[in-house]
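> The sequence isn't on hand, but the structure is:
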């Protein structure tokens, strides 16, 4: 589907709401602009690895005491052995 927009006097381009909603783009979202022979290509900027991990870790629900790396490694090894 084609969409039409205008360039403002400040050099801003408004992305249609239907596109923002469909792609879950929120205010402050960063994009990479690539110049091409026939125009430009606008791509969402990839999340940094630390940002991705922080979001993932924040989703985990664990309320017990913190575990050491050694304890976590032992638990993973035990789970792997139990699946054989």
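That came through, no problem. Bear in mind that the values here come from a model prediction, so they are computed numbers and not experimental data.

> where do the helices sit along this structure?
17-23, 49-59, 69-82 (DSSP state H).

> Which neighbouring elements make contact with the shortest one?
Applying 3 or more CB pairs under 8 Å, 6 or more residues apart in numbering; DSSP states H and E, one finds that helix 17-23 makes contact with no other helix or strand. Just so you know, the C-beta spots here come from the backbone N, C-alpha and C atoms, and that holds for glycine as well.

> got a list of contacts for it?
3, 25, 26, 44 (CB atoms under 8 Å, 6 or more residues apart in numbering).

> quick one: the nearest residue to the third one once chain neighbours are set aside from residue 69, how far?
The shortest distance from residue 26 to any non-neighbouring residue, by CB to CB, 6 or more residues apart in numbering, is to residue 20 (7.9 Å). Look at residue 20 and residue 69: by CB to CB, to the nearest Å, they are 41 Å apart.

> okay, these two: which has more neighbours?
Between residue 20 and residue 69, residue 20 has the larger neighbour count (other CB atoms under 10 Å), namely 14 against 7.

> Give me the pLDDT for that one.
At residue 20, the pLDDT value in this model is 91.

> residues contacting residue 8?
Counted by CB under 8 Å, 6+ apart, residue 8 has contacts residue 14.

> what do you get if the cut-off is 6 Å, keeping everything else the same?
Residue 8 makes contact with no residue under the criterion CB atoms under 6 Å, 6 or more residues apart in numbering.

> Ramachandran coordinates for it?
phi -80, psi 170 (degrees, to the nearest 10).

> What of residue 15?
phi -90, psi 130.

> The one 10 residues further on now?
As for residue 25, its main-chain torsions (degrees, to the nearest 10) stand at phi -90, psi 130.

> Quickly note the distance from it to residue 6.
In terms of CB to CB, residue 25 sits 19 Å off from residue 6.

> again with residue 12
When residue 12 is compared with residue 6 (using CB to CB), they lie 9 Å apart.
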